[in-house]
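Student: the sequence and its predicted three-dimensional model are supplied below.
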Amino acid sequence: SKKIGLGAMLRNWVIVWVGNLCGALVVVFIVYMAHVQDMNSGMVASAMIQTAVSKITPDWITLFFKGILCNTLVCLAVWIGYSAKTVADKVIGILLPITAFVACGFEHCVANMFFLPMGFVLSGAGYASTVAADPLTIASILYNLSAATLGNIVGGALFVGLAYWFVYHQKDTQN
């Protein structure tokens, strides 16, 4: 629609990304201090570490394409939510796409801003896991977030945004 320029959009994306990262790190702190990881005799910590390690081990291209698939489903959920008329319609409508991206193990940068630091903190605090947490480093977290973020952008902006623009844009009828 050309309501904002490319620079303003990119600036907004950076602010939102950093804001989500800060918020996720606050949640990591709160969850850690609430000792959620100690539930079920420490098995919750083990599951959190395993989840984090499983998100950093695939190659970058795999993570990127999982990011595309993820944000395609997330954007579908947003569009369904906008189009629904009642709160019940919204909840029921967004349930399937969100459940699908979680169940399929797709990569969402904002979700990973919680899972990866949580696993890193727990592995550094000496919580046991059935998988080796050695590969879980700040560099591996950034590796995942770079692929997931770029994949999310392609999935959301190009696949969904461009498709909706193509379908709904108004052609200039004046010559």
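Tutor: Perfect, thanks for sending it. Numbers count the residues shown, from 1 in each chain.

Student: buried stuff in the strand or helix carrying Val110?
Tutor: Element membership for Val110, per DSSP states H and E: helix 109-124. The neighbour-count criterion (16 or more other CB atoms under 10 Å) identifies 109-123 as the buried residues of helix 109-124. (Glycine included, C-beta is placed from N, CA and C.)

Student: got it, and stretch 18-31?
Tutor: Buried-residue list, stretch 18-31, by 16+ other CB under 10 Å: 21, 24, 28, 31.

Student: which of the residues you listed fall in helices?
Tutor: Taking DSSP state H, the ones among the buried residues of stretch 18-31 that sit in helices are 21, 24, 28, 31.

Student: which two in those residues are spaced the farthest apart?
Tutor: Leu21 and Val31 (15.5 Å; CB to CB).

Student: if I look at the most centrally placed residue in the chain, how far off is Tyr127?
Tutor: Most central in the chain under CA atoms, centre = their mean is His108, positioned 2.0 Å from the mean C-alpha point. Counting by CB to CB, to the nearest Å, the gap from His108 to Tyr127 is 24 Å.

Student: next one: Ile56
Tutor: According to CB to CB, Ile56 stands 17 Å off from Tyr127.

Student: let me know the helix or strand that Ile92 is in.
Tutor: Taking DSSP H and E as the criterion, Ile92 maps to helix 87-103.

Student: before we move on, the earlier item: quick one: name whatever helix or strand follows the helix holding Val110.
Tutor: helix 138-153.

Student: hmm, back to that, do I have it right that the residue nearest to the centre of the chain meets Asn71?
Tutor: Yes. The criterion here is CB atoms under 8 Å, and His108 meets it with Asn71 at 6.9 Å.

Student: need the overlap of contacts for those two.
Tutor: Common contact partners of His108 and Asn71 (CB atoms under 8 Å, 6 or more residues apart in numbering): Asn152.

Student: having no further points to raise, I will conclude here.
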